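In: Output the structure for:
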Amino acid sequence: MLARRTAERLGHERIHVGRRIEHPRQLAGHGRFDVIVACDGIHSAMRWWMYPDEGGPLWNGVTMWRGTTVMPGFLDGRTMVMAGRVWDRIVAYPIRDLADGRQLVNWVAEARNDEQRPMPKQDWQVALVDDPLEHVGTFMFDWLDVPAMIRAAGEVLAYPMVDREPLPTWRRDHVVLLGDAAHPMYPVGSNGASQAIIDARILARELATHDDPLDALDAYEAIRRPATAALVMANRQAGPEQSMDIVAERAPNGFERLDDVISQEELAAISARYRQVAGFDPALLNDRPSWSVTR
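Out: Modelled structure (predicted):
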């Protein structure tokens, strides 16, 4: 969809695939440009050019197994489920309704590994079904059979949960970082993609409202770098999902009523704090100026 819209606006000749850029000088001779926006992910070549001594991503010891399963819907068919503890859990939610009444369900199992194990390869790799079942094989509920869901997946993929330390700057000359290239973070609160979209919106606004594109890059970074740095650190503490560990610690033998373990007010406060950090607080969104640019 993005490629199609880009081609409509700029022309198909502006899209080049199968290229690898490791240094800005490789773009010399490809026409005039004001800025280079590097959205090349956690293994960003442009980030490496800026910080060649940074080293690889930082692993927190958690391995993630992902898959999708065609299955009957659970609960109301529109619910996201998180069960277990923060770094030892299953997350599942529907992503498509199918014509036969079933759903395509996306799921991820997470578990902290033995500290002596080496970090898994930093890439999608096919895993054995038994690998996640070793950790969440007992997660069976009246409304969701987790082991059956995992066994019925078309493919199980594994990769490590990693992030990087916040940077002192995202810009070098006319090159600037965006998204995971700038601020890779743990997948907490669905913020990996969300924050990249906000980056792009702010950058587009600053480029449209500054005469000097380098001033626009500085303004973009001044807004987004502190905000995402705070979020990287908040996600290391599990963000709003820390409530799972709070409940597990307070009620190690289970409970009959959640309110006897943690109040709705406490849960709401945990969520509200994270929404503030992530920029999703309704009051914050409603009170701030629009990011749209009126031509």
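In: make it CA atoms for all contacts and neighbour counts henceforth
Out: OK.
In: Strands along the protein, start to end?
Out: 36-38, 58-71, 81-85, 88-97, 103-112, 125-126, 157-163, 171-172, 175-177 (DSSP state E).
In: Which of these has the lowest mean pLDDT?
Out: When the strands of the chain are compared by mean pLDDT, strand 125-126 comes last with a mean of 79.
In: Indicate each strand paired with it and its parallel or antiparallel sense.
Out: Counting by DSSP bridges, the strands paired with strand 125-126 are strand 157-163 (antiparallel).
In: And the partner strand, what's buried?
Out: Under the neighbour-count criterion of 16 or more other C-alpha atoms under 10 Å, strand 157-163 has Leu157, Ala158, Tyr159, Pro160, Met161, Val162, Asp163 buried.
In: how far off strand 58-71 does that strand point, in degrees?
Out: 140 degrees (axes from the mean of the first three to the mean of the last three C-alpha atoms, to 10 degrees).
In: what's the angle from strand 157-163 to strand 103-112?
Out: Using the same axes, to 10 degrees: strand 157-163 against strand 103-112 is 60 degrees.
In: how near is Arg5 to Arg14?
Out: 12 Å (C-alpha to C-alpha, to the nearest Å).
In: Find the residue ranges of this protein scoring beneath the pLDDT cut-off.
Out: 114-118, 122, 295 (pLDDT under 70).
In: Point to the residue nearest the middle of it.
Out: The C-alpha lying nearest the average C-alpha coordinate of the chain belongs to Gly192 (C-alpha atoms, centre = their mean; 2.3 Å).
In: need the contact list for it.
Out: Gly179, Asp180, Pro184, Met185, Tyr186 (C-alpha atoms under 8 Å, 6 or more residues apart in numbering).
In: Ok, Asn106 next?
Out: The contact partners of Asn106, by C-alpha under 8 Å, 6+ apart, come to Arg66, Gly67, Thr68, Thr69, Ala92, Tyr93, Pro94, Ile95.
In: Please convert the buried members of those into PyMOL selection syntax.
Out: Per 16+ other C-alpha under 10 Å, the buried members of the contacts of Asn106 correspond to this PyMOL selection:
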select buried, resi 66+67+68+69+92+93+94
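In: Can you tell me which of the contacts of Asn106 is nearest Asp142?
Out: Ala92 (15.2 Å; C-alpha to C-alpha).
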